[in-house]
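What follows is a predicted protein model with its sequence.
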Amino acid sequence: MITNTELEKKGNLFPSKLVSYEQNGDSICFTSENGVQLIITVVRDSMLRFRYATDGIFENDFSYAIDEDQSHGYSVLDLTEDEEFIWITTEQIKCRINRVDMRTAMFDLEDQLILQDELGFHWEESFEFGGNYVKMSKNSMDGENFYGLGDKPTTFNLKGKRLSNWNTDQYAFGKDLPELYKTIPFYIGLHSAKAYGIFFDNTFKTHFDFCHERRHITSFWADGGEMNYYFIYGPKIAEVVTKYTNLTGRPELPPMWALGYHQSKWSYYPEAKVKELAAGFRDNKFPCDALYLDIDYMDGFRCFTWNKDYFPEPKRMVEELEDDGFKTVAIIDPGIKIDEKYEIFADGLEKDYFCKRADGPYMRGKVWPGNCVFPDFTNPEVREWWADHYKTLIAETGIKGVWNDMNEPAVMEVPGKTFPLDVRHDYDGNRCSHRKAHNIYGMQMARATYEGVKKYIFPKRPFTITRASYSGGQRFSSTWTGDNLASWEHLWLANTQIQRLGMSGFSFSGTDIGGFADQPTGELFTRWIQLGVFHPFCRVHSSGDHGEQEPWYFGEEVLDITRKFVELRYQLLPYLYTAFYQYCEDNVPILKPLVYFDQEDVQTHYRADEFIFGNHFLVCPIQEPNVQGRRMYIPRGRWYNFWNDAVIEGGKELWVDAALDSMPIFVKEGAIIPKYPVQQYVDELEIEELSLDVYYKNGKQNSVYYEDDHDGYDYKMGLFNLRTFKLTGKSKEIIVQQHVAGTYESNLKTMKVTFHGLPFEIKSASVNNEDVSLESIGYDKESNTIILQENFTDLRLISE
Ligand code: GLC
């Protein structure tokens, strides 16, 4: 196989000396004596794109990843030259191109080297398939660390790892597997407290080596296609992530119910079982918003059909569940059963929509329904056809969300567990083989599903979830990490994977809580729920082969504790929804790993147990059995222990108590946290009073709260409120000011404000600059609580 070893270097070809270069608008094209061309495009002041063609012939410039709405444009582009180099300078970075061999180097404007080519671009001709294996190697700097790459089940910091991207169905996957369900060829490098990102937009099998083979070398390469990558300068990791997310897109706001607790199993059937499950949640007063139907709801696993023995009247059942506050989500896989009497098979055959082998026969493979054919989702016509099929499920039956699975694509009982490489695809008019289309097949299926669900659920918002995806797939779907295992190691992996996905543009993700394969102990289930309620997507799912995984199955103690944590999630829904808004609006990930939060603090570079949820919560899951607490790192700053308000000065590691009914949670000083009352499902209650938990700080801190209708599109017409709370804390006074942007008429009437950590006793108050008595604002001394009108603009509490 292809590696970057010195040995194989012998087979490599390299650009020779530069003979000419030419600027064309935002792009500069460099040509070498041996015919290699490099086009460098200034996408933004802090983002350059590099494309190489070995014989001067570029491919059609087409990408599934890049978002049409990305910000594009720069303010400065200076092209200069000296004897040795050509220089491209923007307002934020400099790129140096060597005349001798076209190797490049990136600098910041203080001339600090950020990244430079080692061998740089090189390639190997592919005699078997045509085209090239395209390769890039860079020098890694002293103390450099690496993050990103989507769902890889390995340590958060990727230094020392070699990983590859080939979407793979991995039942009960093991730690450190190089390939999993998704392909996100994007990583972040961090050295000298400065960060940059590389997005290698190539859908062939891609490989990444982070100082694994050679200590100071980072390389990436692909089995075909173009060397086509983006260099994204920070210098903050946060900036790299938001720029990458802007480049590849973010989703629209999901309906709020999608952020509730979801319950799934392979499979809940027949109807009576589903109803019993629903009753289980309500009887146990355990909040839940969605129930999932896995493959057994279908007739012989035929997509878009129902097994009428199990579900005689799906529409009625779905409606009844909805009346009880449950949304029903149904699975749809890509395999279409070969059965002439099955309409979708017959129709797809007639329209020639199924994938074919190189010489013409259909791509046949076994999945759950037996022998299947597979729609070519890389064909826009097929995507539209597929989208239209959701009419029955969504518009006619009332299903509220769709779960796409097996779309790596997974095929059973064949070597490689996927399509053979010769299978042909449309690739939106850029016809190619499966070598190129494999890694985006799942994303294009999810895209077709998203379009369909969106169309038929209108005027509500769609909810979709997919297992396989590629960079940019976050525009179309949420995701989960696939078939994990009920083990402590997998709980650790869950934590790492969801943080990693967040850094890779995919914030809306979660794991099969409790583990898909095998059965968790009550303790493991509890600890996993504690973590899972802080993941943007929160669903219990299991294979069902190994016993039950409903929260009440593990006994009273586990039920009570897990309920307490799920209730906490429901209380924090306005906070989570606000974080989601910031993700959709500003490309900010919902979970922030510690290195994202404070990259200057080297303590954070190798730590990933702890993370920031939204902007103000520090969370650290318990990942071991039989413990009453753990050591964890508290990042710099002052933090309140969520459970007892004890204040801790960060920048150090410490022991935090966490018996089974607790976990380490801290709130950043100065934070104002919006909270709802506990509900059994989203919008069960018409909420007229919002709780605001104010964590005193000596100084200033802003917090925001976003509100809208929780569903639908009115928010796009300005019907939302973005409330900014400005806290100013002094030794004997606290001021909270509210500024509201937006025109949404909220149901809120009052705000119940609770003060934490006030260093003084409240003696007097003013609201909107008028003195008021403490009684008139309902001051309760014991709980340090007052009640204000929702539209207050200025609150002052004073110790005299
Ligand atoms: C795959 C999915 C899993 C699902 C099962 C049956 O293994 O990853 O979530 O339950 O297929 O559809």
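Yep, that arrived.

which non-adjacent residue is nearest Asp55?
Of all residues not flanking Asp55 in the chain, Gly35 sits nearest, at 5.4 Å (Cβ to Cβ, 6 or more residues apart in numbering). Glycine gets a C-beta too; all of them are placed from N, C-alpha and C.

residues in contact with whichever residue of the stretch 651-800 of the chain sits closest to the ligand?
Per Cβ to the nearest ligand atom, Tyr681 is where the stretch 651-800 of the chain lies closest to the ligand, at 22.9 Å. Going by Cβ atoms under 8 Å, 6 or more residues apart in numbering, Tyr681 touches 257, 260, 287-289, 325-326.

again, only using 10 Å
For Tyr681, the contacting residues are 257, 260-261, 281-282, 287-290, 324-327, 570, by Cβ atoms under 10 Å, 6 or more residues apart in numbering.

same thing with Cys620?
So Cys620 contacts 495, 531, 534, 594, 607, 609-611, 630-634, 656, 658, 663-666 (Cβ under 10 Å, 6+ apart).

The residues you listed in strands, which ones?
611, 630-634, 656, 665-666 (DSSP state E).

which residue ranges form the strands in the stretch 651-800 of the chain?
Secondary structure of the stretch 651-800 of the chain, counting by DSSP state E, counting those that start in this stretch: strands at 652-657, 665-668, 672-675, 689-695, 699-707, 721-730, 733-742, 750-756, 764-767, 770-772, 785-789, 794-798.

Which residues of the protein lie near the ligand?
Residues of the chain lying near the ligand by Cβ under 6 Å from any ligand atom: 266, 294-295, 331, 405, 467, 482-483, 541.

Switch the strands of the stretch 651-800 of the chain over to JSON lines; also include distance to Ala222.
JSON lines is the format used below for the strands of the stretch 651-800 of the chain (distance: least, Cβ to Cβ, whole Å):
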{"stretch": "strand 652-657", "distance to Ala222": "41"}
{"stretch": "strand 665-668", "distance to Ala222": "42"}
{"stretch": "strand 672-675", "distance to Ala222": "45"}
{"stretch": "strand 689-695", "distance to Ala222": "48"}
{"stretch": "strand 699-707", "distance to Ala222": "40"}
{"stretch": "strand 721-730", "distance to Ala222": "42"}
{"stretch": "strand 733-742", "distance to Ala222": "45"}
{"stretch": "strand 750-756", "distance to Ala222": "52"}
{"stretch": "strand 764-767", "distance to Ala222": "62"}
{"stretch": "strand 770-772", "distance to Ala222": "67"}
{"stretch": "strand 785-789", "distance to Ala222": "58"}
{"stretch": "strand 794-798", "distance to Ala222": "57"}
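
what residue ranges in the chain are flagged as low confidence?
Scanning the chain for pLDDT under 70 picks out 1-10.

Find the nearest non-adjacent residue to the closest residue to the ligand within it, please.
As assessed by Cβ to the nearest ligand atom, the ligand sits closest to Trp266 within the chain, at 3.5 Å. Leaving aside its sequence neighbours, Trp266 sits nearest to Asp294 (Cβ to Cβ, 6+ apart; 4.3 Å).

Over to Met141?
Once flanking residues are discounted, Met141 sits nearest to His191: 4.2 Å by Cβ to Cβ, 6+ apart.

Enumerate every residue touching Ile735.
700, 726-729, 766, 794-798.

if we go to 7 Å?
Contacts of Ile735 were listed using Cβ atoms under 7 Å, 6 or more residues apart in numbering, and they are 728, 795-796.

likewise Tyr362?
354, 356, 373.

The second one contacts Val373, doesn't it?
Spelled out, it's Lys356. No - if you go by Cβ atoms under 7 Å, Lys356 and Val373 don't touch, sitting 9.1 Å apart.

list the residues that contact both of these two?
Joint contacts of Lys356 and Val373 (Cβ under 7 Å, 6+ apart) are 362-363.

Looking at those two, which one has more neighbours?
Shown here are Lys356 and Val373; by other Cβ atoms under 10 Å, Val373 has more neighbours (21 against 17).

Isn't that one up against Phe354?
Yes - look at Val373 against Phe354 with Cβ under 7 Å: they come within range, at 4.0 Å.

roughly how far apart are the nearest residue to Ser32 once chain neighbours are set aside and Glu22?
Distances taken as Cβ to Cβ, 6+ apart put Pro15 closest to Ser32, at 4.2 Å, once the chain neighbours are dropped. Separation of Pro15 from Glu22 (Cβ to Cβ, to the nearest Å): 16 Å.

repeat for Arg467
The gap separating Arg467 from Glu22 is 45 Å, by Cβ to Cβ.

Neighbour count: these two, which is higher?
Using other Cβ under 10 Å as the criterion, Arg467 and Glu22 rank with Arg467 on top: 27 against 11.

so what's that one up against?
Arg467 touches 181, 404-405, 407, 442, 480, 482, counting by Cβ under 7 Å, 6+ apart.

at 6 Å what do you get?
For Arg467, the contacting residues are 181, 405, 482, by Cβ atoms under 6 Å, 6 or more residues apart in numbering.

Does the last one touch Tyr181 like I think?
It stands for Gly482. Yes - look at Gly482 against Tyr181 with Cβ atoms under 6 Å: they come within range, at 4.8 Å.

coming back round to it: now, of the contacts of Arg467, which are buried?
Among the contacts of Arg467, those buried by neighbour count (16 or more other Cβ atoms under 10 Å) are 181, 405, 482.

what secondary structure does the residue nearest to Asn12 when sequence neighbours are not counted sit in?
Spatial nearest neighbour of Asn12, excluding adjacent residues (Cβ to Cβ, 6+ apart): His122 at 4.3 Å. What DSSP: H, G, I helix; E, B strand; the rest coil gives for His122 is strand.

What is the burial count for His122?
His122: 26 neighbours (other Cβ under 10 Å).

Quick check: the gap between it and Val558.
Distance from His122 to Val558, by Cβ to Cβ: 56 Å.

same question, Gly174
Relative to Val558, and taking Cβ to Cβ, Gly174 is found at 27 Å.

For the two, work out which one has more neighbours and name it.
Val558 (22 against 11).

Could you grab the helix/strand/coil label for the more buried one?
Going by three-state DSSP: Val558 is helix.

show me the contacts for Lys243.
Ile232.

Just the ones of the contacts of Tyr362 in strands?
Counted as lying in strands by DSSP E, out of the contacts of Tyr362, are Val373.

okay, which residue is most central for this structure?
Residue closest to the mean C-alpha point of the chain, counted by Cα atoms, centre = their mean, is Phe506 at 1.9 Å.

burial count for the residue lying closest to Ser471 once chain neighbours are set aside?
Leaving aside its sequence neighbours, Ser471 sits nearest to Ala65 (Cβ to Cβ, 6+ apart; 4.2 Å). For Ala65, the neighbour count with other Cβ under 10 Å is 24.

thought Ala65 was touching Gly472?
Yes - contact status for Ala65 versus Gly472: in contact at 3.8 Å, counting by Cβ under 6 Å.

Need the residues touching each of those two.
Joint contacts of Ala65 and Gly472 (Cβ under 6 Å, 6+ apart) are Thr248.
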